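Trainee: Sequence first, then the predicted structure, then my questions.
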Amino acid sequence: MYPFENVYKHLQTVLNEKNPNKFCPSPQFCPVPFRKSFTLLTKTITVMNAIKNKVQLIGRLGAKAEFKTVNGNTPMVRLNLATNESYKNGKGEKIDETYWHSIVAFGKPAEIIHKYTDKGSEICVQGKLVSRSYEDKEGNKKYITEVQVYEVLLMGEKLAAKA
């Protein structure tokens, strides 16, 4: 049972007493006053901290992941992941957009990506957004935001492991 389930059940009971003809299966399907009350109460619960700065992407590798070891023996990969989105514009025309994401992974996720993926492989990654800065060869300060992966799921066809 989640810590906020009792709060949710209490609010649902109160709502149903005031409006007995309305069934409220979850906060997103409930009348606005109920949603506001639920949101205000759950904001104080620390369970919600688990979803802060969380990124989940499903896409295809633009190229083979760059593999190297850092800090002596920690595996690391860097790659670009393409995600696609389709929608209809105001004229009703179908528009396909491709977005590119910079991805970095360390440890076991890096080993899995290196060992089992190649250009075009479909993967699902879960991680967090991190920003950093560096100086280029001309001494200019550059800023980059990337997804730091802590979990990876291989999708699509199986590729043979490399020796």
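Mentor: Received, thanks.

Trainee: Now that S131 has come up, it's in contact with Q148, right?
Mentor: No: S131 is beyond contact range of Q148, at 10.3 Å (criterion: Cβ atoms under 8 Å). For the C-beta atoms, the positions are set from N, CA and C on the backbone; glycine is no exception.

Trainee: Can you spell out the domain ranges of this protein, please?
Mentor: Domain ranges of the chain: 5-51, 55-154, per automatic domain parsing.

Trainee: could you give the mean pLDDT of the shortest one?
Mentor: Read it as domain 5-51. Mean pLDDT, domain 5-51: 55.

Trainee: next one: stretch 107-127
Mentor: 95.

Trainee: What of stretch 148-163?
Mentor: Averaging pLDDT along stretch 148-163 yields 77.

Trainee: 28 is where my numbering starts, stick with that
Mentor: Got it, first residue is 28 now, which makes that one stretch 175-190.

Trainee: K118 is in what secondary structure piece?
Mentor: Using DSSP states H and E, K118 maps to neither a helix nor a strand.
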